[in-house]
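Asker: below is the structure, and that's it, no one-letter string:
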């Protein structure tokens with residue numbers, strides 16, 4: 001295998017390197033860069049890219065990628081693993097969804113792959129796509145509920161793209177919710193689809209589960225999934241495992257139409273069957289009087305729920321899968 005090069009980083013077969021790929025300069029002249037770790041195996045295999053931190057308040061992927069890359073042995077790897085723990089460093093520093101300094105292209109997951117002569121976040125996205133993304137054969141972008149919600153294990157694929165469904169199933173037995181996005185745009189998944197290569201967007205976690213034990217569990221779930229993916233595609237030894245069944249369908253998001261505060265109901269049906277019309281969440285005024293009840297918009301299952309108590313009309317509150325449960329098949 002030849003050397004693998006990303007910007008100023010060069011990784012020889014059987015090596016592991018890490019560093020920052022410069023994107024733009026800050027006011028003080030230092031580089032606002034993208035952290036990258038490359039693990040190059042000695043044998044031939046696919047190039048797997050795993051991204052975290054495209055939203056700065058979603059740290060589960062950051063922790064999982066860093067830990068997985070640390071333990072990955074290049075001597076036992078076939079192909080190349082590229083880990084980007086944080087795509088949007090400025091957003092991560094600010095603990096916010098996007099870079100507060102960018103008032104024009106705030107959300108990197110809405111403007112990807114950016115532009116050569118664009119706004120701040122567009123410039124960073126362009127560097128990621130041109131130097132990193134375009135070298136990948138497979139891509140996984142890791143998200144969570146961030147500061148506002150908890151999202152259970154769920155995967156988004158491109159409608160009709162069986163290669164991305166294969167990648168989704170390769171995440172392993174914990175990942176039973178696979179939803180189709182009809183026409184993905186302005187995301188890493190869309191960029192990969194445009195190149196005819198499989199990519200998925202995965203969700204797990206959120207601020208409600210950042211206490212140490214819960215966060216460690218979610219990070220471990222992601223690490224297990226990356227191991228399973230590498231096994232499935234022959235990058236490392238071991239037998240891949242798969243879920244016994246899958247919720248297959250599409251996402252429906254329920255937004256608030258009234259402002260107030262959440263009154264969470266006990267035992268929401270996360271990853272369990274729900275029926276259209278089931279009461280899932282209640283919004284009250286500041287005196288505890290109900291102003292709106294939010295119900296399941298479809299039959300299927302619930303995979304995400306708002307956990308930030310303050311609610312403004314229009315806010316995301318429920319993430320539902322309009323889906324049926326199917327027996328698992330590889």
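Answerer: Received, thanks. Keep in mind the model is a prediction, meaning the values are calculated, not measured. Numbering: from 1, shown residues only.

Asker: three-state assignment of the residue nearest to residue 111 when sequence neighbours are not counted?
Answerer: Using C-beta to C-beta, 6 or more residues apart in numbering and skipping the chain neighbours, the partner closest in space to residue 111 is residue 105 (4.5 Å). For the C-beta atoms, the positions are set from N, CA and C on the backbone; glycine is no exception. Here residue 105 is coil, with the state taken from DSSP: H, G, I helix; E, B strand; the rest coil.

Asker: model confidence for residue 105, exactly?
Answerer: Predicted confidence (pLDDT) at residue 105: the value is 97.

Asker: does it touch residue 112 like I think?
Answerer: No - using C-beta atoms under 8 Å, residue 105 is not in contact with residue 112; the gap is 9.8 Å.

Asker: bridging residues for the residue positioned nearest the centre of the chain?
Answerer: Among the residues of the chain, the one closest to the centroid is residue 142, at 2.1 Å (C-alpha atoms, centre = their mean). With DSSP bridges as the criterion, residue 142 is bridged to residue 202.

Asker: residues contacting it?
Answerer: For residue 142, the contact set (C-beta atoms under 8 Å, 6 or more residues apart in numbering) comprises 50, 51, 52, 58, 60, 61, 64, 65, 202, 204, 222.

Asker: go with 10 Å
Answerer: The contact partners of residue 142, taken as C-beta atoms under 10 Å, 6 or more residues apart in numbering, are 50-55, 58-65, 84-85, 200-205, 222, 225-226.

Asker: what's the answer for residue 91, then?
Answerer: 53-58, 97-102, 106-108, 121, 124.

Asker: let me know the secondary structure of it.
Answerer: Going by three-state DSSP: residue 91 is helix.

Asker: okay, now the unreliable bits of this protein?
Answerer: Along the chain, segments meeting pLDDT under 70 span 329-330.

Asker: can you list the domain ranges for it.
Answerer: Listed by automatic domain parsing, the domain ranges of the chain are 4-243, 252-327.

Asker: the shortest one: how far from the chain's middle?
Answerer: Distance of domain 252-327 from its chain centroid, counting by C-alpha atoms, centre = their mean, to the nearest Å, is 22 Å.

Asker: equivalent analysis for the longest one, please.
Answerer: In this view, domain 4-243 has its centroid 7 Å away from the chain centroid, taken as C-alpha atoms, centre = their mean.

Asker: and it, end to end?
Answerer: 34 Å (C-alpha to C-alpha, to the nearest Å).

Asker: any idea how far the nearest residue to residue 166 once chain neighbours are set aside lies from residue 139?
Answerer: With sequence-adjacent residues excluded and distances taken as C-beta to C-beta, 6+ apart, residue 166 is closest to residue 198, at 6.9 Å. According to C-beta to C-beta, to the nearest Å, residue 198 and residue 139 sit 8 Å apart.

Asker: try residue 107
Answerer: 19 Å.

Asker: before we move on, back to that, joint contacts of residue 198 and residue 139?
Answerer: With C-beta under 10 Å, 6+ apart as the test, residue 198 and residue 139 both reach 164, 167, 189, 192.

Asker: so which of those are in helices?
Answerer: Among the shared contacts of residue 198 and residue 139, the members falling in helices (DSSP state H) are 164, 167, 189, 192.

Asker: distance of the second one relative to residue 199?
Answerer: Distance from residue 167 to residue 199, counting by C-beta to C-beta: 7 Å.

Asker: kindly report the same for the last one.
Answerer: With distances defined as C-beta to C-beta, the gap from residue 192 to residue 199 amounts to 4 Å.

Asker: what is in contact with the two at once?
Answerer: Counting by C-beta under 10 Å, 6+ apart, the residues touching both residue 192 and residue 199 are 49, 133, 136, 137, 138, 139, 141, 158, 161, 164, 184.

Asker: and residue 63, that's in a helix?
Answerer: Yes - according to three-state DSSP, residue 63 belongs to a helix.

Asker: which other helices and strands does the longest helix seen in the chain contact?
Answerer: Determined from DSSP H, the single longest helix within the chain is helix 212-232. Contacts defined by 3 or more C-beta pairs under 10 Å, 6 or more residues apart in numbering; DSSP states H and E place helix 212-232 against strand 43-51, helix 60-71, strand 78-84, strand 138-143, strand 149-158, helix 162-169, strand 199-205.

Asker: and the ones you listed, which is most packed in?
Answerer: strand 199-205 (a mean of 28; mean count of other C-beta atoms under 10 Å).

Asker: what angle sits between that strand and helix 162-169?
Answerer: On the basis of axes from the mean of the first three to the mean of the last three C-alpha atoms, to 10 degrees, strand 199-205 is oriented at 30 degrees to helix 162-169.

Asker: and the closest residue to residue 222 other than its chain neighbours, what does it touch?
Answerer: Distances taken as C-beta to C-beta, 6+ apart place residue 64 nearest to residue 222, at 3.6 Å, with adjacent residues excluded. By C-beta under 10 Å, 6+ apart, the contact set of residue 64 is 50, 52, 83, 85, 142, 204-205, 218-226.
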